[in-house]
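S.K.: Generate a structure from the sequence data that follows.
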Amino acid sequence: MTALVSLKNVVKRYTRGTQQVEVLHGLNLEVESGEFLALMGPSGSGKTTLLNLIGGLDRPDEGEVMVAGERIDQLSSGQLAGWRARHVGFVFQFYNLLPALTAERNVEVPLLLTHFGSARRKQNVRAALALVGLADRAKHTPAELSGGQQQRVAIARALIADPTLIVCDEPTGDLDRQSAEEILGLLEILNRKQRKTIIMVTHDPLAAAHASRRLYVDKGRLSAQEERSAA
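M.R.: Residues are numbered from 1 along each chain as shown. Got it, this is the predicted structure:
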C-alpha cells in the first residue's frame, strides 16, 4: 500500500540571530491512509515543525515531502495554498475562530475559496455542525460558546471541504479534561467511521492514547520507540 504521507531525509533549519539551528535531522516517516497518528515529544523537539511540513505550512530545507501523491516541497506558494485548501483540514490549540462571525459563518470560511454556490455551502455547513453535535449553536458567536464547543466548531471547519488529511496541533491543550475527552472521542469517530486520516501533535499521554499509533520526536529525530493500539 502506498503511504498517504511520506517524508524522506527531511532537514529543517531556522535562523536565530546569526546562527542556523537544525530542527529536524534527516527525518523519515510514512503514514498510511486511515491512520490516527499521535506525534509526541517535549517542547522544542520538532514535532510541530514536522506537522507544519506535512500540512504544507512550511517547507523543508532538504529532503522530500510527499502527501496525497504530490511532492508538496516542490510546489510554488500559490500552488501550495491551493493544495492545502483541497487536501488539509487544520485544528489548532486556540481554535483560530473569527470572533465577529457565528459558528456557521466560521465553518463556511474555507468554502468561500471553492466554486460552491450559497445553497450548497449552507447545506454543507449544516451537515458539518450536525456531525460535531452543534446544530443548535449555529447562530452563536465564539464568545457565546464554551472552549469545547469552540473546538468542535474548529473541527467542523476543518471537515467542511472533505479534506484528505486532518492535522491537529495540541487540539486539547486549552481544554479541561472532560471537554478534552469529548474532542478526542470525536476525532476517534471521524477516524473510525469517516475513515479520516488524522495526525495529531500532543504532549499529553492521555490524548495520545486515543490514536491508533504513537511516535516520539526527540531532538529532531523520530525515536525507535513506537506504540500501536489494539485494533
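
S.K.: residue contacts, the nearest residue to Thr49 once chain neighbours are set aside?
M.R.: Excluding the flanking residues, the one nearest Thr49 by Cβ to Cβ, 6 or more residues apart in numbering is Val23, at 5.1 Å. C-beta here means a position set from N, CA and C on the backbone, and glycine is covered the same way. Val23 makes contact with Lys12, Arg13, Tyr14, Gly46, Thr49, Gly220, according to Cβ atoms under 8 Å, 6 or more residues apart in numbering.

S.K.: repeat for Ala138
M.R.: Residues in contact with Ala138 (Cβ under 8 Å, 6+ apart) are Thr102, Ala103, Glu104, Val125, Arg126, Leu129.

S.K.: rerun that using 10 Å as the cut-off
M.R.: Thr102, Ala103, Glu104, Arg105, Val107, Lys122, Val125, Arg126, Leu129, Ala130, Val153, Ala156 (Cβ atoms under 10 Å, 6 or more residues apart in numbering).

S.K.: Quick one: buried ones out of the residues you listed?
M.R.: Buried positions within these, assessed by neighbour count (16 or more other Cβ atoms under 10 Å), are Thr102, Ala103, Glu104, Arg105, Val107, Val125, Leu129, Val153, Ala156.

S.K.: just curious, which of those residues is nearest to Phe116?
M.R.: Looking at these and their distance to Phe116, the nearest is Val125, at 10.3 Å (Cβ to Cβ).

S.K.: Identify the residue nearest the geometric centre of the chain.
M.R.: When Cα atoms, centre = their mean is applied to the chain, the residue found nearest the centroid is Val167 (1.3 Å).

S.K.: Isn't it up against Asp58?
M.R.: No. In this structure Val167 lies outside contact range of Asp58 using Cβ atoms under 10 Å: 11.9 Å.
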